[in-house]
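Asker: Show me how the following folds:
(chains A and B)
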Amino acid sequence: MSRIYIEQLHEVAGQQVTLHGWLYNKRSSGKIRFLVMRDGTGFVQGVIAKGAVSEEVFARFDELTQESAFTMTGTVRAEKRSPGGFELDVTDLTILHIAHEYPITPKEHGTDFLMDRRHLWLRSSRQHAILRVRHQVIKSIREFFDGRGFTLVDAPIFTPAACEGTSTLFETKYFDLGSAYLTQSGQLYGEAGAMAFGKVYVFGPTFRAEKSKTRRHLTEFWMVEPEVAFNDLSDNMDLAEAMLEHVVQSCLKDRAAELKLLERNTAMLENVKAPLPRITYDEAVEILHKNGIAFEWGNDLGGTDETVVSQQFDRPVMVHRYPAEVKAFYMKRDPQNPKVALAVDVLAPEGYGEIIGGSQREDDFDALLGRIKEHNLPQSAFDWYLDLRRYGSVPHAGFGLGIERTVSWICGLDHLREAIPFPRMIYRLTP
RNA sequence: UCCGCGAUAGCUCAAUGGUAGAGCAUGCGGCUGUUAACCGCAGGGUUGCAGGUUCGAGUCCUGCUCGCGGAGCCA
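Answerer: Numbering: from 1, shown residues only, chains lettered A, B, ... in the order given. Next comes the predicted model:
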């Protein structure tokens, strides 16, 4: 049998249907009663009038508690006053399960209380909207790369060594081989993939044991990391801006209802179209100085610095050619100026900060080996990576996009933790 | 790790050092168009923990625990 979902009601106006779902809220006005059902695809109000149904059915309304499971049968009617445009004139109602007293009431709650009940909080309309946008972001990213002939290459979660600093690694025992570490980035494996397939993307969870307690950090987050052989920094920026345009426009088009529910002002999102402004790190420093910020050349941009720079633009801005000292060992130096790396960060507007970090990679064997030694990285763990510069090394570039930061920005959230179903933070491992 | 803020009813929050309160939730009653409905009644408290000051501490002091925000680091 084909089940009717709330989001399909516009297709069956005037018909009798049976809906399966949970009670979101109910109101009574004596002889006419209203109940709001949610079924995962949407919300709809059922109307029960005394006299229109049997006394038994009318009485079942009183038994229903918030989040009780039930079915309701009735006629679908267009209703201008309803947020979804349709209501159900109920003729029958079946109780499937009476819920215990539900802890999340329609009034406000604190974040910690809700996070302890994240498994239930997901049922709320706001969380529902956010996670549907997340789905759209992931779906549109895949569409974008799949449509351009990229191959998905999954990187391992267990890795033998650090990609960046070792202080931020989660360590775990690994049989007789000593320690394994949860990956901080699939990038090095993405580079191997690019040399095999030309253009690839890695998509998966990454882990950072940073003791960060801010609204912009999780210990476990998802990244998409494209890597393309023969691309230089400029090609890399072309790819990043095209992808951002596709993702944001896709959300505006297909998740308009969710963004409206989130009360997101989409004016700035409408602007996300290529080309995006590109400025050098030097120009960013000038902007900071003009705004009276005492910023020293050579430092990385802090959170407030990023906000000041991005406020100069009405769409995301790409900042490229950072001081090599503050960037990762695998980034290629600019042949025109060895003090800077061929790196790019994309800063989202409205204070959301860095959503993309990328670079052209060092493709010269000797330069890369020297950089590994400078950073005191264990050479043996990187021997396979050096192989990529022994056998047919070519210029290549890629970047990483943080999924949660992107979702957070598109939805206009004030904290990253709502952008993932079950967030992992320094002081939260449950539920 | 450092800096700042906080912890009172199931939830969100009030309460000059002087009787511990409201809204929501829950239970009961009322209402034929409600939209976080509304109206009436009722039950509901070891004020995070341990000390101290005081005639008297939710309130002031000390320590601890937990939470929140920020810095550093990063996507």
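Asker: rest of the way, CA atoms for contacts and neighbours
Answerer: Will do.
Asker: For RNA strand B, give me its nearest residue in chain A.
Answerer: Among residues of chain A, the one nearest RNA strand B by Cα to the nearest atom of the strand turns out to be A:Lys107. It sits 2.7 Å away.
Asker: Can you tell me how far that residue is from A:Leu114?
Answerer: 12 Å (Cα to Cα, to the nearest Å).
Asker: The two: which is more packed in?
Answerer: Set A:Lys107 next to A:Leu114 and count neighbours by other Cα atoms under 10 Å: A:Leu114 wins out with 16 against 5.
Asker: isn't A:Met425 right up against A:Arg216?
Answerer: No. Counting by Cα atoms under 8 Å, A:Met425 does not reach A:Arg216; the two are 10.5 Å apart.
Asker: higher neighbour count, those two?
Answerer: Between A:Met425 and A:Arg216, counted using other Cα under 10 Å, A:Met425 has the larger neighbour count: 21 against 17.
Asker: partners of the host helix or strand of A:Phe399 in the sheet?
Answerer: A:Phe399 belongs to strand A:396-402 when assigned by DSSP states H and E. Its sheet considered, strand A:396-402 pairs with strand A:220-229 (antiparallel), strand A:353-360 (antiparallel) by DSSP bridges.
Asker: Pipe those strands into TSV and attach mean pLDDT per row.
Answerer: TSV is the format used below for the strands paired with strand A:396-402 (pLDDT from 0 to 100):
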stretch	mean pLDDT
strand A:220-229	95
strand A:353-360	93
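Asker: Turn the ones you listed into a markdown table, including mean neighbour count and distance to RNA strand B.
Answerer: Output for the strands paired with strand A:396-402, formatted as a markdown table (neighbours: other Cα atoms under 10 Å; distance: least, Cα to the nearest atom of the strand, whole Å):
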| stretch | mean neighbour count | distance to RNA strand B |
| --- | --- | --- |
| strand A:220-229 | 24 | 5 |
| strand A:353-360 | 25 | 3 |
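Asker: can you list those in JSON lines and add distance to A:Ser125?
Answerer: As requested, those are arranged in JSON lines below (distance: least, Cα to Cα, whole Å):
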{"stretch": "strand A:220-229", "distance to A:Ser125": "23"}
{"stretch": "strand A:353-360", "distance to A:Ser125": "26"}
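Asker: And for the next helix-or-strand element following the strand holding A:Phe399, what's in contact with it?
Answerer: Toward the C-terminal end, the helix or strand that comes next after strand A:396-402 (DSSP H and E) is helix A:403-411. Contact partners of helix A:403-411, identified using Cα atoms under 8 Å, 6 or more residues apart in numbering, comprise A:130, A:133-134, A:137-138, A:216, A:221-224, A:248, A:259, A:262, A:264, A:269, A:348, A:352, A:355, A:414-416, A:418-420.
Asker: circling back to that earlier point, to A:Lys199, which of the strands paired with strand A:396-402 lies closest?
Answerer: Among these, strand A:220-229 comes nearest to A:Lys199, with 4.4 Å by Cα to Cα.
Asker: Also compute the angle for the closest one relative to helix A:403-411, please.
Answerer: Taking axes from the mean of the first three to the mean of the last three Cα atoms, to 10 degrees, one finds strand A:220-229 and helix A:403-411 inclined to each other by 100 degrees.
Asker: can you list contacts of strand A:220-229?
Answerer: For strand A:220-229, contacts defined as Cα under 8 Å, 6+ apart pick out A:185-187, A:190-191, A:193-195, A:198-208, A:394-404, A:423-425.
Asker: restrict the residues you listed to those near RNA strand B?
Answerer: Among the contacts of strand A:220-229, the residues within reach of RNA strand B (Cα under 7 Å from any atom of the strand) are A:208, A:400-402, A:404.
Asker: now, which of these sits nearest A:Arg60?
Answerer: Nearest to A:Arg60 among these: A:Glu404, at 42.2 Å, using Cα to Cα.
Asker: shaky segments in the stretch 1-150 of chain A?
Answerer: For the stretch 1-150 of chain A, residues meeting the criterion pLDDT under 70 lie at A:1.
Asker: 80 - rerun?
Answerer: A:1-2, A:83-84, A:106-108 (pLDDT under 80).
Asker: Not counting sequence-adjacent ones, nearest residue to A:Gly364?
Answerer: No, residue A:364 isn't Gly; it's Asp. Using Cα to Cα, 6 or more residues apart in numbering and skipping residues adjacent in sequence, the residue nearest A:Asp364 is A:Arg389, 6.3 Å away.
Asker: That neighbour: what secondary structure?
Answerer: The local conformation at A:Arg389, judged by DSSP: H, G, I helix; E, B strand; the rest coil, is coil.
Asker: how about the residues of the stretch 201-350 of chain A that lie near RNA strand B?
Answerer: Taking Cα under 7 Å from any atom of the strand as the test, the list of the stretch 201-350 of chain A residues beside RNA strand B reads A:208, A:210-221, A:223, A:300, A:302-304, A:326-327.
Asker: Got a PyMOL select line for the buried ones in those?
Answerer: Remark: buried members of these, expressed as a PyMOL selection using 16 or more other Cα atoms under 10 Å:
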select buried, chain A and resi 208+216+217+218+219+220+221+223+300+327
